[in-house]
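A.B. asks: Okay, predicted coordinates and the sequence, questions at the end:
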Amino acid sequence: MGMTATRIRILENQQTGVAKKVYGAVPINEAWPSKSIVAELTRQGQVRDFSIIEGCLNTLKEVGLIKEMVPGHFQRVKPKPTVEKEAEPMTTKPLNPAIPPNSSIKGEPTEPVDRLAAIGTKLRGLSQMFLELADDIDEATLAFEEKASGNDEELAKLRQLKGLLKSLS
């Protein structure tokens, strides 16, 4: 009992940029241990902290995009095969209908349904912008963490050098 391909795509689009990259490294045909997924991400040039990758794997598991076959081994959920329906002729409304003559001078619709549709369109644009901003924040956070861990390593080396210099004097 799987999800439809459309549902998988919707859930995947709701994930952060890092989670999308982790999802891309999880195989669909077999279950891999988390260490192999980390190795695949490293091979792709996506070096990340193991705890972040584990967090992404747990999040992906919670939303149902991946399964934990045995503890620590993950696999993507396979989409349900789609059953082809006979195509029915559909009538379509234009995305941007002509403005009715009784609308306001600013070009905003006056009918409540039209106003709600316009607000919905604006909200979809804003939500996409927020998703892009969240991805940018994730990338900046990861870059900051990588730099901070590099600074910690340099600080440890300096302390070691300081200890050596003290022992020489």
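C.D. replies: Alright, I've got the coordinates.
A.B. asks: gap between Ser149 and Ile52?
C.D. replies: For Ser149, the distance to Ile52 (CB to CB, to the nearest Å) stands at 12 Å. Quick note: C-beta positions are derived from backbone N, CA and C, even for glycine.
A.B. asks: the more surrounded of the two?
C.D. replies: Ile52 (16 against 11; other CB atoms under 10 Å).
A.B. asks: Can you give me every residue that contacts the closest residue to Ala5 other than its chain neighbours?
C.D. replies: Nearest in space to Ala5, with sequence neighbours left out and distances taken as CB to CB, 6 or more residues apart in numbering, is Pro79 at 4.0 Å. Applying CB atoms under 8 Å, 6 or more residues apart in numbering, we find Pro79 in contact with 2-5, 8.
A.B. asks: just the helices in this structure please.
C.D. replies: For the chain, the helices defined by DSSP state H occupy 5-13, 17-25, 34-43, 50-63, 112-168.
A.B. asks: Quick one: mean pLDDT for the second one?
C.D. replies: Read it as helix 17-25. The average of the pLDDT scores along helix 17-25 is 90.
A.B. asks: send the alpha carbons of that helix over as CSV?
C.D. replies: Provided in CSV are the C-alpha atoms of helix 17-25 (Å, rounded to 0.1, in the frame of the first residue of the first chain):
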residue,chain,number,x,y,z
GLY,A,17,16.6,21.9,0.8
VAL,A,18,18.8,19.6,2.9
ALA,A,19,16.1,17.1,3.4
LYS,A,20,15.5,17.0,-0.4
LYS,A,21,19.2,16.2,-0.9
VAL,A,22,19.1,13.5,1.7
TYR,A,23,15.9,12.1,0.1
GLY,A,24,17.7,12.0,-3.3
ALA,A,25,20.4,9.8,-1.8
